[in-house]
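Participant: pasting the sequence and the predicted coordinates here, then a few questions.
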Amino acid sequence: MAPRCFIIRHGETEWSLNGRHTGVTDLPLTANGEKRIKATGKALVGDDRLVVPKKIAHVFVSPRSRAQRTLELLEIGCRERLPWTEQRKPETEEAIRTEAKVEVTEAVREWDYGDYEGLTSKQIREQRAERGEGPWNIWTDGCPGGESPDDVVRRLDALIDEIKNKYQRPCLEGDGEQGDVLVVAHGHILRAFAMRWTGKPLTETSLILEAGGIGTLSYEHNNIDEPAIILGGQFVVE
């Protein structure tokens, strides 16, 4: 089986519930969000599940605590302590299931919404209408005071190149089974990530990844030059 890249959106927060754009604002998961992520981990992480810990080569996680808490709750069982914790959980609480290292990186932080931070799409459209500006589409317009689509493409393309060539090309060429990668981050940036994985412009984005959902990216014909999205690979446990 070709190595996979799992894109995991953090669990529910108060702002994801009401549609407010959450970039740099650091919000905790709701109680329901934590409950659902725990259930997702039990259902989808394991030797006979979608995400097989022993096959994971590396984990990239956003600097935001909502993404880091999501990774904790999935309990993939890293040997090393998570970078934001003082010590590793005792084995009696979480068995060691993977040798993968966890890297906190700005490459997968959420889109910088700039002036639109904390606003809903409806509020953004209303503000633009009051100023006599046209309709808004993040994939083409970006965010004033924040990131443009080109900004996002640059940082994602660099990360995707690293994933494919450092962690997955060796696996495809027969050098071991540890080629899967986890990316734990946010809604807009992961939707953009999936599009860039397949080399598509952000203007063609028509993907949805719900809070707590897991999407699966891989390759056709075990060929690094044929990146693909695996349909049916997105799950949300209620």
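Facilitator: Now that the structure is in, tell me what you want to look at.

Participant: let me see the mean pLDDT of stretch 215-223.
Facilitator: Stretch 215-223 carries an average pLDDT of 95.

Participant: for that stretch, buried residues please.
Facilitator: Within stretch 215-223, the residues that count as buried by 16 or more other Cβ atoms under 10 Å are Gly215, Thr216, Leu217, Ser218, Tyr219. Every C-beta, even on glycine, is put in place using the N, C-alpha and C of the backbone.

Participant: next, the last one: phi, psi?
Facilitator: Right, Tyr219. phi -140, psi 140 (degrees, to the nearest 10).

Participant: same check on the second one?
Facilitator: Thr216 adopts backbone torsions of phi -120, psi 130, taken as degrees, to the nearest 10.

Participant: just grab the bridge partners of it for me.
Facilitator: Phe6 (DSSP bridges).

Participant: touching, it and Ile229? I think so.
Facilitator: Yes: proximity of Thr216 to Ile229 meets the contact threshold set by Cβ atoms under 8 Å, at 7.5 Å.

Participant: just the C-alphas of the helix or strand bottoming out on mean pLDDT in the chain, formatted as CSV.
Facilitator: When the helices and strands of the chain are scored by mean pLDDT, DSSP states H and E, helix 169-172 comes last with a mean of 92. In CSV, the C-alpha atoms belonging to helix 169-172 read as follows (Å, rounded to 0.1, in the frame of the first residue of the first chain):
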residue,chain,number,x,y,z
ARG,A,169,9.6,8.7,-1.6
PRO,A,170,12.0,6.4,0.4
CYS,A,171,9.0,4.2,1.4
LEU,A,172,7.7,4.0,-2.2
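
Participant: any idea how far it is from the chain center?
Facilitator: 22 Å (Cα atoms, centre = their mean, to the nearest Å).

Participant: give me the sheet partners of the following helix or strand past it and which way each runs.
Facilitator: Where DSSP states H and E defines the elements, the next helix or strand beyond helix 169-172 is strand 180-185. Strand 180-185 sits in its sheet next to strand 5-9 (parallel), strand 56-61 (parallel), going by DSSP bridges.
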